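1. Quick one: sequence and predicted model below, then my questions.
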Amino acid sequence: MNDERTATVIGGGPAGLMAAEVLAGAGFAVNVYEHMPSAGRKLLLAGRSGLNLTHGEPLEQLLSRYGHAPQVAAAVRAFTPDHLRAWAAELGSTTFVGSTGRVFPTAMRATPLLRAWLARLTEAGVRLHTRHRWLGWAAAGPRPTILVRTPSGNTAAITSDVVVFALGGATWPRVGSDGSWVDTFAAAGVDVRPLRPSNCGLLVQWSSHFATEHAGAPLKNVAVGVGGRWARGDVTITAHGIESGPVYTLSATARDAIDATGSCTIDIDLLPDLAAPEVLARIARRRPKDSLSNTLRRTLGLSPLAVAFLREATGNVVPTEAKALATLVKCVPVVVTATAGIERAISSAGGIALTEFTDGFMLRRLPGQFVAGEMLDWDAPTGGYLLQASFSTGVAAARAAAAWVTDGG
């Protein structure tokens with residue numbers, strides 16, 4: 001009689017691989033099915049910019065980033081940034097906290113971490129099946145049975161004690177997360193909220209001249225505001241809008257405003273280190289014969305790009321009166337018409353509604369089947385919060401799955 005406990009994990013990204021590791025450690029025979037030729041591709045993509053694993057801010061502050069998703073916050077509380085850093089260190093990837101609080105591997109690369117992780121999973125008996133795409137479910141039975149298309153094109157039915165789904169969102173589909181699971185889950189009666197871009201660029205209808213001349217150039221050290229929220233840093237002009245850190249931070253607020261009204265006005269403070277009265281005082285000290293360009297460049301110290309940006313935002317009708325000019329420099333309005341496409345977003349909002357799964361991430365409609373990672377309807381800013389929650393929900397779903405089997409379902 002075979003008493004071996006079995007687990008199936010669908011998706012070979014951070015959440016899926018972490019679930020596989022926890023389940024293997026709990027004594028399960030684990031099979032991971034990944035439709036790409038290799039696992040961890042999105043982790044490698046994130047590693048191109050240094051692999052921001054998590055954030056070093058105080059735990060309670062970090063947990064507030066997931067305030068709209070209490071199950072996710074609880075998972076992060078149970079598997080914290082300290083736990084994640086210790087886990088990475090066990091795999092030979094020590095980490096450090098950068099000047100902005102973001103946590104990176106000392107090597108600033110994902111490859112060594114992923115290679116060591118996959119080797120440890122293999123040693124633990126986890127079997128990784130690449131080029132296997134999940135298709136849905138077989139007829140209901142006493143244990144979950146999923147269907148996968150094999151590399152030969154055949155359909156295989158896989159039965160196990162528990163299943164953990166970690167299929168990702170819909171960003172960067174070329175590395176695996178294409179959102180193709182949405183319709184299948186919806187057809188099974190699961191409430192899936194539309195996937196939308198998050199932590200993404202914003203589209204602006206620049207003039208052809210401005211876009212041609214300045215695409216790729218950064219507005220240095222500015223502040224961006226929308227809906228009463230502000231973020232500081234550089235803003236990169238693109239051919240079709242703006243992007244980079246501060247924009248990503250505020251993109252969800254802008255996205256929601258666009259969804260509600262069709263457009264959104266953001267404000268850009270070109271001199272965030274100067275209070276409005278100081279900007280006005282500097283303008284007042286200009287020489288009577290100074291041109292507008294000289295006032296902007298010499299008196300206020302604006303870069304040529306900032307001057308061109310002012311002209312673009314006002315239709316080349318920049319006010320010359322001191323108070324009006326100071327007000328504009330501190331709050332340049334820019335109309336945003338849409339978010340950039342989800343395929344280039346850092347993450348996606350939407351996914352399986354929070355009411356569809358238990359605190360242990362088990363689907364209420366599908367007993368013995370759990371979900372983790374970006375499939376869930378949660379949204380968080382960049383800065384390591386995304387990967388942290390993916391790892392943490394993978395741990396939480398696997399622990400709950402193991403307990404569910406132990407308790408007899």
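-> It's in.
2. can you pull the contacts of residue 264?
-> Taking CB atoms under 8 Å, 6 or more residues apart in numbering, we find residue 264 in contact with 202, 226, 254, 257-258, 335-336. Placement of C-beta: from N, CA and C, glycine included.
3. repeat for residue 396
-> Residue 396 touches 71, 74-75, 78-79, 360-361, 372, counting by CB under 8 Å, 6+ apart.
4. Quick check: ChimeraX command selecting the buried ones in the contacts of residue 264.
-> Of those, the buried ones go into a single ChimeraX selection, burial set by 16 or more other CB atoms under 10 Å:
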select :202,226,254,257,258,336
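5. Cross the contacts of residue 264 against strands and list the overlap.
-> 202, 226, 335-336 (DSSP state E).
6. what are the bridge partners for the nearest residue to residue 375 once chain neighbours are set aside, then?
-> Spatial nearest neighbour of residue 375, chain neighbours left out: residue 351 (5.1 Å); criterion: CB to CB, 6 or more residues apart in numbering. Residue 351 has these beta-bridge partners by DSSP bridges: residue 193.
7. average pLDDT for the top helix by length along the chain?
-> Counting by DSSP state H, the longest helix found in the chain is helix 385-406. Average pLDDT, helix 385-406: 97.
8. again, but for stretch 203-211
-> Average pLDDT, stretch 203-211: 96.
9. again, but for stretch 5-18
-> Here the average pLDDT along stretch 5-18 is 97.
10. all strands for the stretch 201-350 of the chain, in order.
-> Using DSSP state E, counting those that start in this stretch, the strands of the stretch 201-350 of the chain run over residues 202-203, 218-226, 229-238, 241-243, 264-269, 332-336, 338-339, 347-352.
11. Tell me which of those is the most buried.
-> Scoring the strands of the stretch 201-350 of the chain by mean neighbour count under mean count of other CB atoms under 10 Å gives strand 347-352 as the most buried, with a mean of 26.
12. Could you list every helix and strand in contact with that strand?
-> strand 192-198 (3 or more CB pairs under 8 Å, 6 or more residues apart in numbering; DSSP states H and E).
13. So what angle separates the directions of the strand it packs on and strand 347-352?
-> Interaxial angle, strand 192-198 versus strand 347-352 (axes from the mean of the first three to the mean of the last three CA atoms, to 10 degrees): 170 degrees.
14. What are the buried residues along strand 192-198?
-> Applying 16+ other CB under 10 Å to strand 192-198 flags 192, 195-198 as buried.
15. With stretch 102-118 instead?
-> Buried, per 16+ other CB under 10 Å, within stretch 102-118: 102-105, 107, 109-110, 112-114, 117-118.
16. just stretch 80-95 next, same as before
-> 80-81, 83-85, 87-88, 91, 93, 95.
17. Tell me the one of the residues you listed nearest residue 318?
-> Comparing the buried residues of stretch 80-95 against residue 318 with CB to CB places residue 81 closest, at 46.1 Å.
18. give me every residue that touches the closest one.
-> Counted by CB under 8 Å, 6+ apart, residue 81 has contacts 54-56, 59, 62, 103, 384, 388.
19. rerun that using 7 Å as the cut-off
-> By CB atoms under 7 Å, 6 or more residues apart in numbering, the contact set of residue 81 is 54-56, 62, 103, 388.
20. so how far is residue 380 from it?
-> 13 Å (CB to CB, to the nearest Å).
21. Spatially, what comes nearest to residue 47 if we skip its sequence neighbours?
-> Nearest non-adjacent residue to residue 47, counting by CB to CB, 6+ apart: residue 110, 2.6 Å away.
22. my guess is the one you found meets residue 45, correct?
-> No. Assessed by CB atoms under 7 Å, residue 110 is found out of contact with residue 45, at 8.3 Å.
23. does residue 94 really touch residue 106, like I thought?
-> Yes. Residue 94 lies in contact with residue 106 (CB under 7 Å); the separation is 4.8 Å.
24. As a check, name the ranges of all helices in this structure.
-> Listed in chain order, the helices found in the chain under DSSP H are 14-25, 41-47, 59-63, 70-78, 81-90, 111-123, 181-187, 208-214, 245-261, 276-284, 292-294, 304-313, 322-330, 385-406.
25. nearest to residue 139, of the ones you listed?
-> Of the helices of the chain, nearest to residue 139 by CB to CB is helix 181-187, at 14.7 Å.
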